[in-house]
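# What follows is a protein structure lacking sequence information:
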């Protein structure tokens, strides 16, 4: 089974990928951070390395993930994301951390 | 009719400035990659339509862009920069060991003979090589692993490999420079390297004449005399006439020998340009007067060039990769400032004008002379 997941990208990555704020990607179930990022990078290969490390697959330090008004940046990579995200009812938000002055 | 294209990297994107051979009227294209830091862009000497750009961000990491149509359109190519084998450690600011971590590409140097071959100088200092147009990268790890690597230490701007010079007469010879490790040379295409810092004297390090540890800011070379190298060090302007085996100071009558850029006239191998900056703690011109200094004697004897440059209340900096020369006659000289101006001279530096006034802080300037 595959799910259609909505993903919101930060402005710099929208520019890089040539897309508007929200994209939709087809993700192999179960929908987790890892499977979602894998699918996103296949659909938009120019994003590889900009959200997570090439090798460790860990989130870059100044990237944060939100879904359903919850910070899920520290969720285990293979833990299923909320059903509403997997069902495309809520977007998965990729945010550039507010840092600097 | 000849054409000149400036490739300008800034804190918030890239800009392309083009003019005909008179170099009086300019058109501006950009920002490309808006919002991203563009540390450097450079065109292939073999195919001027092939341009590479280093696009980077503290949030989103490194992207390498490639254009095959002179900067009209761009495609992201490979950004997987992995240190070969065990990354190891270098020294941190406090002298403790610190793991090598890739941060960004400071400088891209396309091959002199093949548009698909290029080098990338990285922070933390390493040299990467691509032979497929930037799609994939391999580290030339002999540089980091030749022996002194664990003793290298970052400068204030990070531990960056910022200068890559290819010898036009010897494809096996490459010069590079790292802040704050010094200059290095390979004579076998990047397999083995040696430090070339004899004659440098740096008062701010424990051993002022150490083999490595010197904060080299930039090195320039004239393509017809690849054994003559000109260096702007943290302090001191230096030259070597034996491919870096030894250096001597040529600061001469400069008002200060601190600075970042240095370049060589396109047709006069003994005509040099620097922009003196007050000091390592005050990164702006002395007395708020922006002056390029030119030596027509290969150093030691310098003249200030002020015609068209602000001579009061100017407190900008000119960063290490932000000066370039074209190959027209008379030679065009260009530099960008942290205040967002790009100044150009179409008469070898005798007079200057601001091509643009209000770009984001300029990180790099390169020029392509197009026929």
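In hand now; what should we look at? Note that the structure is predicted; figures quoted are calculated from it, not measured.
# Can you tell me, leaving aside adjacent residues, what's nearest to residue B:95?
Nearest non-adjacent residue to residue B:95, counting by Cβ to Cβ, 6 or more residues apart in numbering or on different chains: residue B:153, 7.6 Å away. C-beta coordinates here come from the backbone N, C-alpha and C atoms, glycine included.
# Would you mind listing what in chain A touches chain B?
A:10-13, A:15-16, A:46, A:48-51, A:54-55, A:60, A:62-63, A:96-97, A:99 (Cβ under 8 Å from any Cβ of the partner chain).
# Near residue B:192, how many other residues are there?
Residues lying near residue B:192 (other Cβ atoms under 10 Å in any protein chain shown) number 13.
# Just say helix, strand or coil for it.
Put simply, residue B:192 is coil when judged by DSSP: H, G, I helix; E, B strand; the rest coil.
# Look up phi and psi at it.
When read as degrees, to the nearest 10, the backbone of residue B:192 gives phi -130, psi 150.
# my read: it touches residue B:147, true?
No. Counting by Cβ atoms under 8 Å, residue B:192 stays clear of residue B:147, with 10.3 Å between them.
# residue ranges with poor pLDDT in chain A?
A:100-101 (pLDDT under 70).
# mind listing the helices for it?
Using DSSP state H, the helices found in chain A span residues A:11-17, A:33-43, A:83-86.
# okay if I get those as JSON lines plus distance to residue B:119 and mean neighbour count?
Below are the helices of chain A laid out as JSON lines (distance: least, Cβ to Cβ, whole Å; neighbours: other Cβ atoms under 10 Å in any protein chain shown):
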{"stretch": "helix A:11-17", "distance to residue B:119": "24", "mean neighbour count": "18"}
{"stretch": "helix A:33-43", "distance to residue B:119": "27", "mean neighbour count": "19"}
{"stretch": "helix A:83-86", "distance to residue B:119": "43", "mean neighbour count": "17"}
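# Relative to residue B:360, which of those helices is closest?
Nearest of the helices of chain A to residue B:360, taken as Cβ to Cβ: helix A:11-17 at 14.5 Å.
# Apart from its neighbours in sequence, what residue is nearest the residue in chain A that chain B sits nearest to?
Nearest to chain B in chain A, going by Cβ to the nearest Cβ, is residue A:46, at a distance of 3.8 Å. Nearest residue to residue A:46, sequence neighbours excluded (Cβ to Cβ, 6+ apart): residue B:76, at 3.8 Å.
# What separation do you get for that neighbour and residue B:210?
Distance of residue B:76 to residue B:210, computed by Cβ to Cβ, to the nearest Å: 40 Å.
# Neighbour count for these two, which is higher?
Shown here are residue B:76 and residue B:210; by other Cβ under 10 Å, residue B:76 has more neighbours (23 against 17).
# If that one is in a bridge, with which residues?
Beta-bridge partners for residue B:76, by DSSP bridges, are residue B:65.
# For stretch B:354-361, list every residue counted as buried.
Using 16 or more other Cβ atoms under 10 Å in any protein chain shown as the test for burial, stretch B:354-361 gives B:355-356, B:359-361.
# need the contact list for residue A:16.
When contacts are counted by Cβ atoms under 8 Å, 6 or more residues apart in numbering or on different chains, residue A:16 touches A:46-47, A:50, B:33, B:60, B:63, B:76.
# which ones among those residues are found in strands?
B:63, B:76 (DSSP state E).
# Could you point out which of the contacts of residue A:16 is nearest to residue B:48?
residue B:33 (19.9 Å).
# The closest residue to that closest one other than its chain neighbours: neighbour count?
Distances taken as Cβ to Cβ, 6+ apart place residue B:55 nearest to residue B:33, at 4.7 Å, with adjacent residues excluded. Number of residues near residue B:55 (other Cβ under 10 Å) recorded here: 30.
# does residue B:55 sit in a helix, a strand or a coil?
Once three-state DSSP is applied, residue B:55 turns out strand.
# Quick check: bridge partners of it?
residue B:38, residue B:63.
# what does the helix or strand hosting residue B:365 contact?
Per DSSP states H and E: residue B:365 is located in strand B:362-370. With Cβ under 8 Å, 6+ apart as the test, strand B:362-370 has contacts from B:2-11, B:37-43, B:48, B:107, B:319, B:321-328, B:332, B:334-338, B:340-342.
# mind redoing it with 7 Å?
Applying Cβ atoms under 7 Å, 6 or more residues apart in numbering or on different chains, the external contacts of strand B:362-370 come out as B:2-11, B:37-43, B:48, B:319, B:321-328, B:332, B:334-338, B:340, B:342.
# One more: stretch B:150-164?
So stretch B:150-164 is contacted by B:88-91, B:93, B:103, B:106-107, B:109, B:119, B:121-127, B:174, B:176-181, B:212-213, B:215, B:218-219, B:320-321 (Cβ under 7 Å, 6+ apart).
# So which residues of chain B form helices?
Under DSSP H, chain B gives no helices.
# centroid residue for it?
Closest residue to the average C-alpha location of chain B: residue B:321 at 3.2 Å, with Cα atoms, centre = their mean.
# So in terms of bridging, what pairs with that residue?
Beta-bridge partners, per DSSP bridges, of residue B:321: residue B:364.
# and the residues of chain A next to chain B, which are buried?
A:10, A:12-13, A:15-16, A:46, A:48-51, A:60, A:62-63, A:96.
# Let me see the contact set for the closest residue to chain A within the stretch 201-350 of chain B.
The stretch 201-350 of chain B approaches chain A most closely through residue B:338 (17.1 Å), counting by Cβ to the nearest Cβ. If a contact means Cβ under 7 Å, 6+ apart, then residue B:338 has B:316-317, B:319, B:361-362 as its contacts.
# Distance from the chain centre to stretch B:81-99, please.
How far stretch B:81-99 lies from its chain's middle: 23 Å, per Cα atoms, centre = their mean, to the nearest Å.
# So which residues make contact with that stretch?
So stretch B:81-99 is in contact with A:55, B:62, B:100, B:102, B:122, B:124, B:126, B:128, B:137, B:139, B:141, B:149-154, B:159, going by Cβ under 7 Å, 6+ apart.
# at 10 Å what do you get?
A:49, A:54-55, B:61-62, B:64, B:100-105, B:120, B:122, B:124-126, B:128, B:137-142, B:144-145, B:148-156, B:159, B:180-181, B:206, B:213 (Cβ atoms under 10 Å, 6 or more residues apart in numbering or on different chains).
# Just the buried subset of the contacts of strand B:362-370, please.
B:3-11, B:37-43, B:48, B:319, B:321-326, B:328, B:332, B:334-338, B:340, B:342.
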